[in-house]
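S.K.: predicted model and sequence below, questions to follow.
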Amino acid sequence: MTISWTDDLNTGIEVIDKQHMRIVDYINDLELAHQKQDHEAVGRVLDDLVDYTLSHFAFEESLQEEAGYEYCKPHKKVHELFVRRVNEYVERFRLGDDVTAEIHKLLKSWLINHIKRDDADYVAAVKANMIGIISEKEKKKDIGWFRRFFK
């Protein structure tokens, strides 16, 4: 069964929400390839999904570090454990096991729970940091504009 994006999955951080939506698309693509019994397509989707998810995790972790999120290290550990688990499924797939239904179920439940719980916890810190960065840039921009007239 495919995943439908619902408002309760939004973090309120647009870039993160778009990345999560793309991961949902990959999970749905995996389901479609499995339904078509297209082994090659399943392999491609798994590879793309793993690559994209790794880059998403790295981006998310960098936002947390920049924001000084106090649970950044445990959050990263959750990511690492998940990647290890997914890689085990991918390895089994490459050895010829039909793990597509299992991995789809894992991805679907893990992603939804992760967004609603783990990711929801860092949103306030990251948003506050982003607002601070934007505010600083605006101040510098305003001062720069003002200084051009009074050199």
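M.R.: Noted; the coordinates are in hand.
S.K.: flag the shaky bits of the protein, pLDDT-wise.
M.R.: Low-confidence segments of the chain, defined by pLDDT under 70, span residues 135-151.
S.K.: what's the distance between the residue nearest the centre of it and D38?
M.R.: In the chain, the residue lying closest to the centroid (CA atoms, centre = their mean) is H56, at 4.3 Å. Separation of H56 from D38 (CB to CB, to the nearest Å): 25 Å. In short, each C-beta sits where N, CA and C put it, glycine included.
S.K.: try M130
M.R.: M130 sits at a distance of 40 Å from D38 (criterion: CB to CB).
S.K.: just L111 next, same as before
M.R.: 22 Å.
S.K.: among those two, which residue is more densely surrounded?
M.R.: For L111 and D38, the more surrounded residue by other CB atoms under 10 Å is L111, and the numbers stand at 20 against 13.
S.K.: now do the contacts for that one.
M.R.: By CB atoms under 8 Å, 6 or more residues apart in numbering, L111 lies in contact with 3, 20, 23-24, 27.
S.K.: quick one: the helix or strand K108 falls within to chain centroid distance?
M.R.: Secondary-structure assignment from DSSP states H and E places K108 in helix 100-113. Centre-to-centre, helix 100-113 and its host chain are 14 Å apart (CA atoms, centre = their mean, to the nearest Å).
S.K.: kindly export it (C-alpha atoms) in CSV.
M.R.: Extracted as CSV, the C-alpha positions of helix 100-113 are listed here (Å, rounded to 0.1, in the frame of the first residue of the first chain):
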residue,chain,number,x,y,z
THR,A,100,10.7,-6.0,-1.2
ALA,A,101,7.5,-6.4,0.8
GLU,A,102,9.4,-6.5,4.0
ILE,A,103,11.5,-3.5,3.3
HIS,A,104,8.5,-1.5,2.0
LYS,A,105,6.7,-2.2,5.3
LEU,A,106,9.8,-1.2,7.3
LEU,A,107,10.4,2.0,5.3
LYS,A,108,6.7,3.0,5.5
SER,A,109,6.3,2.5,9.3
TRP,A,110,9.8,3.8,10.2
LEU,A,111,9.6,7.0,8.1
ILE,A,112,6.2,8.0,9.5
ASN,A,113,7.1,7.3,13.1
